[in-house]
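In: The sequence and its predicted three-dimensional model are supplied below.
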Amino acid sequence: MNILDGKKIISTTVYDCTLIELPKVHNRAGSITIVENLTAIPFEVQRVYYLYDIPNGSTRGGHAHIDLFQLIVAASGSFEVVLDDGKLKRTFFLNRPDYGLLVPPGLWRELVNFSSGSILMVLASLKYDEKDYIRLYDDFLEFKQS
Ligand code: TYD
């Protein structure tokens, strides 16, 4: 994978996150958005999951990943993704199913301000592995400095 141009995962910053416009086919009966491995996104998808039935005011996330790349899509409704590289924070507002936020590993994220009925879909580069998570912010800061 050459997404980070050889940059070490440990040194990713919030500026390595980008919004990707996904292909969209639209006609009077609605729209289709297509995501293909290595075409629309720069990694191979091993897992898809989605968050829904999110109670008003809930915050999710609150962790970082060591190796996982993700594309986060507002499949329905809207929410904010707050990214933190240990030095800088950057907030993305997602509200369009034809855009995805590419999040490389090594970044702390919080998912906030979900609209009612929203669906947050994640395309992920790896299967679920709890060992890939950093769940304590102090551990994350230590990881970034190591
Ligand atoms: P977590 O990733 O912490 O959720 P969020 O960041 O959205 O708050 O996952 C919540 C729980 O779901 C946790 O116990 C692990 C489990 N889980 C899986 O079993 N498989 C998965 O693919 C994911 C994403 C989570």
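Out: Nice, I can see it.

In: check contacts around the nearest residue to E44 once chain neighbours are set aside.
Out: Take E44 and drop its neighbours on the chain: the residue closest to it by Cβ to Cβ, 6 or more residues apart in numbering is N37, 4.7 Å away. Every C-beta, even on glycine, is put in place using the N, C-alpha and C of the backbone. The neighbours of N37, taking Cβ atoms under 8 Å, 6 or more residues apart in numbering as the test, are 43-45.

In: JSON lines please, covering these and showing pLDDT and neighbour count.
Out: Below are these laid out as JSON lines (pLDDT from 0 to 100; neighbours: other Cβ atoms under 10 Å):
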{"residue": "F43", "pLDDT": "93", "neighbour count": "19"}
{"residue": "E44", "pLDDT": "95", "neighbour count": "12"}
{"residue": "V45", "pLDDT": "97", "neighbour count": "18"}
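
In: nearest to V82, of the residues you listed?
Out: F43 (22.2 Å; Cβ to Cβ).

In: Can you get me a residue count around the nearest residue to the closest one once chain neighbours are set aside?
Out: Leaving aside its chain neighbours, F43 sits nearest to S125 (4.2 Å; criterion: Cβ to Cβ, 6+ apart). By other Cβ atoms under 10 Å, 22 other residues sit near S125.

In: Please apply the same query to A64.
Out: 28.

In: hang on, the earlier thing: so how far is S115 from the residue nearest to E44?
Out: Noted for N37: a distance of 29 Å to S115, by Cβ to Cβ, to the nearest Å.

In: Which residues of this protein lie near the ligand?
Out: Contact residues (Cβ under 6 Å from any ligand atom) of the chain with the ligand: 47, 49, 51, 60-61, 63, 128.
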